[in-house]
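> okay, predicted coordinates and the sequence, questions at the end:
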Amino acid sequence: MVKKLGQIFIALLFIGTLAFANNALAVEPESSSEYEGIDVSRYQENVDWEAVANAGMEVAIIKSSEGVDYTDPNFEVNYEGAKAAGLKVGFYHFLTATTVEQAREEASFFASIISGKEIEVKPVMDFEDLDGLSVEDINAIALAFAEEVESQTGYPVMVYSNADNATNVFGESLTKYSLWLAQYDGNQPSNDVIWETWAGWQYTDTGSIDGVTGDVDLNIFNDGIFIEATSTEEEPEEQPEQSEEQPTEPSTPESGENSSATTYVVKAGDTLYSIARMHDTTVSAILANNDLANPNLIHPGVELTISNISSYLINWGDTLWSLSKRFGTTVEALASENNIENPDLIYAGDTLNIPQ
């Protein structure tokens with residue numbers, strides 16, 4: 001994926017012209033904010049993340065995985081380095097599926113790889129290996145992957161695409177997800193794409209900045225890339241009072257009478273996600289109830305404590321739609337169970353009753 005730009009002063013010239021040049025010919029940004037960022041994989045070896053941050057980069061999107069069994073060898077070190085340097089971090093997965101079922105398997109793998117990581121940026125689908133697939137198949141595979149990632153992680157997905165695919169291949173069903181557009185032939189994105197807005201613009205694949213040896217992709221991002229940006233905003237005066245009354249750890253089920261515990265012995269081929277689906281719970285709930293040194297490595301014969309969730313603490317980025325997918329219910333059922341008049345308005349820190 002991940003293509004690259006010129007010297008840093010050239011990048012600044014691009015940014016300076018972004019808001020003003022040829023607006024009539026450009027798709028609009030999702031928000032007016034701007035952040036400079038890079039995306040990296042194993043091809044950018046030994047990144048000096050402190051130098052990257054000092055060069056003005058604010059966002060790092062890191063390759064985590066590909067297919068159903070490949071983890072980028074620099075995934076962990078890039079994550080740790082970028083977080084330590086204070087960058088806002090996200091991950092992308094290179095999708096190789098040729099069927100909907102394979103897409104779901106890859107989504108499960110991606111979700112397991114990034115589980116437990118502290119991220120600010122929406123998980124990214126990089127689907128560009130399209131040879132031999134019809135447009136119908138491409139869109140079915142992409143949508144299955146995006147929906148499954150959202151269901152498993154609770155985070156909305158961002159679609160990475162070049163301008164041609166975003167114009168002629170990907171369909172309307174994917175435009176509900178934010179667009180990260182790769183386009184190197186102008187001083188701002190073209191309005192030919194079917195998306196109405198963009199959240200990220202990768203404007204070169206031959207960039208050069210301090211801290212990275214060789215070419216690196218350079219990007220302009222806006223608030224649309226962030227997980228928090230997709231959640232309905234709380235009314236500021238109400239949130240402090242709610243925060244004082246609610247537990248401070250997000251995404252964990254309530255305890256006591258709100259859940260029932262059982263045990264499960266891990267079998268060969270199990271993953272935390274498959275076990276969570278089997279028991280109508282979440283990976284977060286399993287991790288909360290079990291001392292697992294490595295959530296991505298569970299051994300057959302290990303006995304896990306499983307809590308079947310009947311309540312859920314709303315986290316930033318949650319929507320009733322994503323939660324309905326996660327817990328195998330519907331938006332209507334969640335709204336009815338919790339007396340929610342406006343399904344588009346939920347607050348981080350509130351507790352939802354989950355229909356059983």
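Structure received. Numbers count the residues shown, from 1 in each chain.
> report the contact partners of the most centrally placed residue in the chain.
Geometric centre of the chain, nearest residue: Pro123, 1.8 Å, by CA atoms, centre = their mean. Applying CB atoms under 8 Å, 6 or more residues apart in numbering, we find Pro123 in contact with Gly90, Phe91, Tyr92, His93, Phe110, Ala111, Ile114, Val149, Thr153, Tyr155, Val157, Met158. C-betas here are computed from N, CA, C, even on glycine.
> now list the buried members of the residues you listed.
Gly90, Phe91, Tyr92, His93, Phe110, Ala111, Ile114, Val149, Thr153, Tyr155, Val157, Met158 (16 or more other CB atoms under 10 Å).
> quick one: which of these is nearest Thr262?
Nearest to Thr262 among those: Ala111, at 23.2 Å, using CB to CB.
> wait, a helix at the closest one?
Yes. When DSSP: H, G, I helix; E, B strand; the rest coil is applied, Ala111 is found to be in a helix.
> surely it and Gln152 touch.
Yes. Ala111 is within contact range of Gln152, at 3.9 Å (criterion: CB atoms under 8 Å).
> quick one, grab the pLDDT at Glu228.
For Glu228, the pLDDT comes out at 76.
> cool, the one 10 residues further on as well?
What the model reports for Glu238 is a pLDDT of 43.
> also Ile209?
pLDDT, read off for Ile209, is 95.
> wait, it sits on Ala53?
No. Ile209 is not in contact with Ala53 according to CB under 8 Å; the separation is 10.4 Å.
> residues touching the closest residue to Asp48 other than its chain neighbours, list them.
Spatial nearest neighbour of Asp48, excluding adjacent residues (CB to CB, 6 or more residues apart in numbering): Gly211 at 3.9 Å. For Gly211, the contact set (CB under 8 Å, 6+ apart) comprises Val47, Asp48, Trp49, Glu50, Ala51, Val52, Ala53, Asn54, Ala55.
> in CSV, list the C-alpha atoms belonging to stretch 131-144.
Output in CSV follows, covering the C-alpha atoms of stretch 131-144 (Å, rounded to 0.1, in the frame of the first residue of the first chain):
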residue,chain,number,x,y,z
ASP,A,131,-7.0,-9.1,-10.0
GLY,A,132,-9.4,-11.7,-11.2
LEU,A,133,-12.3,-10.3,-9.1
SER,A,134,-15.5,-8.8,-10.5
VAL,A,135,-16.7,-5.4,-9.2
GLU,A,136,-19.5,-7.2,-7.4
ASP,A,137,-17.2,-9.6,-5.7
ILE,A,138,-14.8,-6.8,-4.7
ASN,A,139,-17.5,-4.8,-3.0
ALA,A,140,-19.0,-7.9,-1.3
ILE,A,141,-15.5,-8.9,0.1
ALA,A,142,-14.7,-5.3,1.2
LEU,A,143,-18.0,-4.8,2.9
ALA,A,144,-17.8,-8.2,4.7
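> select from the contacts of Gly211 the one having the most neighbours.
Most neighbours among the contacts of Gly211, by other CB atoms under 10 Å: Val52, with 25 neighbours.
> element containing it?
helix 49-54 (DSSP states H and E).
> which residues touch that helix?
Identification of contacts with helix 49-54 by CB under 8 Å, 6+ apart yields 38, 60, 78, 81-82, 84-87, 209-212.
> can you pull out the helices in the stretch 1-150 of the chain?
8-18, 49-54, 75-84, 100-114, 135-153 (DSSP state H, counting those that start in this stretch).
> ignore what I typed, I meant the stretch 251-356 of the chain.
Using DSSP H, counting those that start in this stretch, helices in the stretch 251-356 of the chain cover 272-278, 283-289, 320-327, 331-337.
> and the gap between Thr330 and Trp321?
9 Å (CB to CB, to the nearest Å).
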